Structure formats: C-alpha cells, structure tokens
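Chemist: just coords:
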C-alpha cells in the first residue's frame, strides 16, 4: 500500500520522538504524570473497566494530524497488568490501526503506565519510545461495571498528548467542556488552540472490524 500523508507523518513523528528521548524534561516524569490523576483514579482505578470500544472526541496529539474517525478498543490482561488497545483512524477513506500498549511501571501507583506502539506497515522503533502516561480521570457508568468517560495524558521530553474519550460517538459540548476544564484543574497544561475536535458523523459505526484478542505477539 502506498504511503499516505498520515503514514509519512507518523514516520516523522516516530523519528522525532526517538530524538526527543535524548532530551530531558523536568515536567515529564512518571511522578509528574502520576500527580495529575484525579482522587477517584488514585483511590480506586480499575483498568478492566476500560475494556471495549471508545470514541475520541478531542485531542492534542501531533501524530493525529490529518486523521479522522478515531476510536480506541481496549483489552486488559489480568495476568500481566498490560492494557492493549487498537487505535483506529481514517485518512480519507483509508483505515489504519495502531496497536498501543500500556505497561505498568514498577514503583508507580495505579493508573500510571509506559505507553508504546506497534505502528502499521512495519514502521520501526515504536516499542522503543516509552511515553509516560496517566489516566487523568475515568468516570464509571451508573449501571455497568465499566467507565463511560476517560481522559488520558502522555508525554515524552517536550511532546505531550491529551485525549478525551467517551463510549458514545457523540458527546454534549458542555460535557466535553467540563472534561477539559477538569483536566486543567488537575494541572494538565491545556492549550485551547491546540485541542482538535473529532466529528464522528459519517464514520463507520464501529471502525474496528474484528474484536481485539490478546496474542503472544502483543504481550
């Protein structure tokens, strides 16, 4: 398959992040991202409640430039503590899926992970880049043992990612605004002009065509 601007952009981002890991940042550390978590996450975060399909609604992430229809399908491995997620996007009408891996970090509390990726088309080096990641907030549904909204924050050197998810393809603007305000209140550097909105109108109802299952290659 010919490389699209999305894939070429991902290559550039991957190489940039590899160089970024050579730099240092006092603001990007596991202790630093851990401090951003809500009281609820600190007290009782349950990673299994992240399982299933998520719709992205807003993000700050240079790797998503030009993408649309972003969804995340997650599965928690109770044996290892790892969360494996299929992050699926479209560029034009072409779908791409990136496997994201969230690994627990020794000595760090619940809701703090090392994030790495398996990029499509054999793009090298994704697993070598460890983004320091925290669940900023995760709100439980009223009648189910799963989370209904999710805020994730990741950073490496001078690059940060901030992503807002819910279980629904649409979200009330006031609800999203409250999530953004909450992230800022927790100490996340939220730049309104850097946040991009995701519109799922016209997207497939479920862009991941097959259910996510763990395989030896993903753990």
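Modeler: The structure has been received and is ready for your questions. Since this is a predicted model, take the numbers as computed values, not measurements.

Chemist: assign residue 33 to helix, strand or coil.
Modeler: helix (DSSP: H, G, I helix; E, B strand; the rest coil).

Chemist: which residues in this protein form helices?
Modeler: When assigned using DSSP state H, the helices of the chain occupy the ranges 5-20, 30-34, 39-44, 173-185.

Chemist: mean pLDDT for the ones you listed: which is lowest?
Modeler: Lowest mean pLDDT of those: helix 5-20, a mean of 45.

Chemist: check the gap between residue 64 and residue 147 for me.
Modeler: Remark: distance between residue 64 and residue 147 (Cβ to Cβ, to the nearest Å) = 22 Å. Bear in mind the C-beta positions are built from the backbone N, C-alpha and C, glycine included.

Chemist: residue 155 too?
Modeler: Where residue 147 is concerned, residue 155 sits at a distance of 22 Å (Cβ to Cβ).

Chemist: ditto for residue 114
Modeler: Distance of residue 114 to residue 147, computed by Cβ to Cβ: 21 Å.

Chemist: same drill for these two, tell me which one is more crowded.
Modeler: Using other Cβ atoms under 10 Å as the criterion, residue 114 and residue 147 rank with residue 147 on top: 24 against 18.

Chemist: which residues touch the residue lying closest to the more buried one once chain neighbours are set aside?
Modeler: Using Cβ to Cβ, 6 or more residues apart in numbering and skipping residues adjacent in sequence, the residue nearest residue 147 is residue 138, 4.3 Å away. Contacts for residue 138 were tallied using Cβ atoms under 8 Å, 6 or more residues apart in numbering; they are 38, 40-41, 45, 49-50, 111, 147, 149-151.

Chemist: between those, which is nearest residue 165?
Modeler: residue 150 (4.3 Å; Cβ to Cβ).

Chemist: show me where this structure has strands.
Modeler: 52-60, 68-76, 83-91, 94-104, 112-118, 131-140, 147-156, 159-166, 196-197 (DSSP state E).
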